[in-house]
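In: Kindly generate the corresponding structure for this input.
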Amino acid sequence: MRNLLILLSWFFLSAGNAQPPLELGWKDLIPKELETEDPFEKLNSEELENLGTVARYRLLEEYSPESVSVDIQLEKDSLERWLSNAGVATDSLIAESIRIAEKRQQRAKGIVHELAGRIVKIPGYLLPLDYSAERVTEFLLVPWVGACIHTPPPPKNQIVYVRLAKGYAYTSIYEPLWVSGEITTGDRTTKLYLVDGSDDINSGYSMLESTVSPYKRDE
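Out: Reported below is the predicted structural model:
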């Protein structure tokens, strides 16, 4: 009897301490922006426009020099003098814009590794990968209807690979749903079969042995 009371006490204590899943939105799967300052915020519209034109002409010079006409070269030189007289640090700002663009590109594909091992809940739409007895047992969770089918695939940090032990009897890819379970991080490539063939889809997150429930707007 004493052992039974101890077991029951442990059960109720554990149940009382259980934390609800961390509800995530799709933006939570993207690393936070690390930029704290905008190097262009002090430029007026004319300075921004002229700086952008100079940057485009410099790229043209680098990658397609045969396309740089005399008129383009003269305009570029004129705009560079104009920016210099306006006190705009053209070279450093262009270099900074390239660095920011590369950083934002990396961020768009980055993974939030701090989420690994958390019990989470996230809404989305499924793209079925495998079935068992008319129930989907593997699918990709995506943020909008028809992603990877009617539009190019989202970046890998906007795709979650999901595996279900008991499967889910879904009615349509247009049916929104909640997926709950432990989330893990790591690249995974999955073949998605389409009407006109197949495609390899990269995902940056996985949720294995998850549970699925219909999405309700008041949740």
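
In: hey, which strand is longest across this structure?
Out: Ranked by residue count, the top strand of the chain under DSSP state E comes out as strand 177-194.

In: Run through who's touching the next helix or strand after that strand.
Out: Counting by DSSP states H and E, the element after strand 177-194 in chain order, helix or strand, is strand 197-208. Residues outside strand 197-208 that contact it (Cβ atoms under 8 Å, 6 or more residues apart in numbering) are 29, 109, 111, 115, 120, 140-141, 148, 153, 155-157, 159-163, 179, 181-192. C-beta: built from backbone N, CA, C; applies to glycine.

In: Alpha carbons only: can I get strand 197-208 in CSV?
Out: Extracted in CSV, the C-alpha atoms of strand 197-208 (Å, rounded to 0.1, in the frame of the first residue of the first chain):
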residue,chain,number,x,y,z
GLY,A,197,7.1,13.9,-61.2
SER,A,198,9.0,14.2,-58.0
ASP,A,199,11.3,16.6,-56.2
ASP,A,200,13.9,16.5,-53.4
ILE,A,201,12.8,18.8,-50.6
ASN,A,202,15.2,19.9,-47.8
SER,A,203,13.9,20.5,-44.3
GLY,A,204,15.8,21.8,-41.3
TYR,A,205,13.4,20.6,-38.6
SER,A,206,11.9,17.2,-37.7
MET,A,207,9.1,16.1,-35.3
LEU,A,208,9.0,12.4,-34.7
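
In: Looking at the very next helix or strand once past that strand now, give me its mean pLDDT.
Out: Once the chain leaves strand 197-208, the next helix or strand it forms, by DSSP H and E, is strand 211-214. Mean per-residue pLDDT for strand 211-214: 91.

In: So which elements touch strand 211-214?
Out: strand 160-168, strand 177-194 (3 or more Cβ pairs under 8 Å, 6 or more residues apart in numbering; DSSP states H and E).

In: most packed of those strands?
Out: With neighbours defined as mean count of other Cβ atoms under 10 Å, the helices and strands packed on strand 211-214 peak in mean count at strand 160-168, which reaches a mean of 19.

In: Counting by contacts, list what that strand packs against.
Out: Using 3+ Cβ pairs under 8 Å, 6+ apart, strand 160-168 sits against strand 119-132, strand 135-142, strand 177-194, strand 197-208, strand 211-214.
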